[in-house]
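*Asks:* Okay, here's the prediction I keep looking at, along with the sequence it came from:
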Amino acid sequence: MSSIGPQIPAHLLRKPEEKEEEESDNEDEDEDDAYAPDLPPDLKRPNNQEEEEPSDDEIGPKPIKVRGNEEDDDPVREFMERESRRKKAQEEEAKPQKLQREEWMLVPPSSSNIFGSLDPTKLKARQFTRNPTAKTHDNSLWTETPAQKQARIRDEVEGKRKRATDVEDSEIDLQSHDKKRNKYTEELASQVENYNRKNRGTSLMEMHQSKQEKKKEESENVIWDRERDMSVGGRLMDERQRSKMVQDARGLSSRFSKSKGEFL
C-alpha cells in the first residue's frame, strides 16, 4: 500500500526493545574504551573469562580443588621435617652422655694472685707498677698429655720454639732482677753522697743537726755545782738584790688583806 504524504523516519519506527538492546551494547563499548595508553599485548588480561553463575542444583560446600603444585605441599613437608628433628633431639637426650669437667676445672689459674683477689684479707694497695712487666709463665706444662710433651720437646730440640719455663724458674729470675736493682740504687746513692760532700757546702739542716748534737754533749758532760744551781738564775745575790726582794714581799700583805671600806 503506497503511502501518501511524508513518511516517519525508520529509527523512530523501531520497537522499544530494539532501542534497549542498542543502548546496552553502546554501554559495553563505552566500558571497553581506553582513556589511557594501551598496555603491551603480553601484559593485557584475557577478557574471555566467563563468570561462573551459581547453579541451583549444587547444595552444600564445594570440595577442595586438587592441584599438583608443590607449594600446597610445603606446610606438610615443613611439619614432617620439624617432627623428625624433634624426635632426633629426644633420642640424643635419651642416650647416656659421658660426664666431662668444664675447662676452668682442668686448667690452672692464669695469675698467681688469684687467691688475693678472692680473700679480702690479702688485698694489696693498688698503685702504678715500678718494675717492668714480668713475662707470664707457661701453665700448659701442668696439663699437657704425653703426646703433647713429646711434640714440645721435639720442637725445642729442633729450635722451632723456646724452652718452656716452670713457675720456679720465673720466680728465680724475678728475685735476681730485684737484687740487681737494689744493688744499683745503693751504688748510685753512695756516689751522690760522695759528690755532695766534696763539692757542696753544708746545708742548713746539717748545721742545725750539728748544733743540736753539741748542746746534747755539753748537757751530758757538765758537773753539778751547788752554789750555781741552787742560787736564783744560777748566780749569787748581792745586798741590793736581797733588799729589793724583801721590799717586794712586804706589799703582799696589803694586796691580799681585807678591805677597810664598808658597804653602804
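*Replies:* Thanks, I have it. Residues are numbered from 1 along each chain as shown.
*Asks:* what about residue 240, helix or strand, and which?
*Replies:* Using DSSP states H and E, residue 240 falls within helix 239-256.
*Asks:* for residue 96, same thing?
*Replies:* Per DSSP H and E: nothing holds residue 96, as it lies in no helix or strand.
*Asks:* Residue 206 versus that one, what's the distance?
*Replies:* Distance, residue 96 to residue 206, by CB to CB, to the nearest Å: 85 Å. Where you see a C-beta, it was placed from the backbone N, CA and C, and this is true even at glycine.
*Asks:* Those two - which one has more neighbours?
*Replies:* Set side by side, residue 96 and residue 206 show more neighbours around residue 206, with 10 against 5, by other CB atoms under 10 Å.
*Asks:* Just read off the phi/psi values of that one.
*Replies:* Dihedral pair for residue 206: phi -70, psi -40, per degrees, to the nearest 10.
*Asks:* Can you tell me how far it is from residue 200?
*Replies:* For residue 206 relative to residue 200 (CB to CB), the value is 10 Å.
*Asks:* Spell out the residue ranges of the helices in this structure.
*Replies:* Using DSSP state H, the helices found in the chain span residues 16-32, 74-94, 103-106, 114-118, 146-158, 167-199, 204-221, 226-230, 239-256.
*Asks:* lowest average confidence, helix or strand, in the protein?
*Replies:* Using mean pLDDT, DSSP states H and E, the weakest-scoring helix or strand in the chain turns out to be helix 114-118, at a mean of 56.
*Asks:* Where does the prediction get shaky in the stretch 151-264 of the chain?
*Replies:* 164-173, 220-222, 228-236, 251-264 (pLDDT under 70).
*Asks:* Kindly report the same for the stretch 1-150 of the chain.
*Replies:* 1-3, 13-36, 42, 44-56, 65-73, 109-139.
*Asks:* ok, back up a step: between the helices of the chain, which one is nearest to residue 62?
*Replies:* Residue 62 lies closest, by CB to CB, to one member of these: helix 74-94, at 21.6 Å.
*Asks:* in the closest one, what counts as buried?
*Replies:* Buried residues in helix 74-94, counted by 16 or more other CB atoms under 10 Å: none are found.
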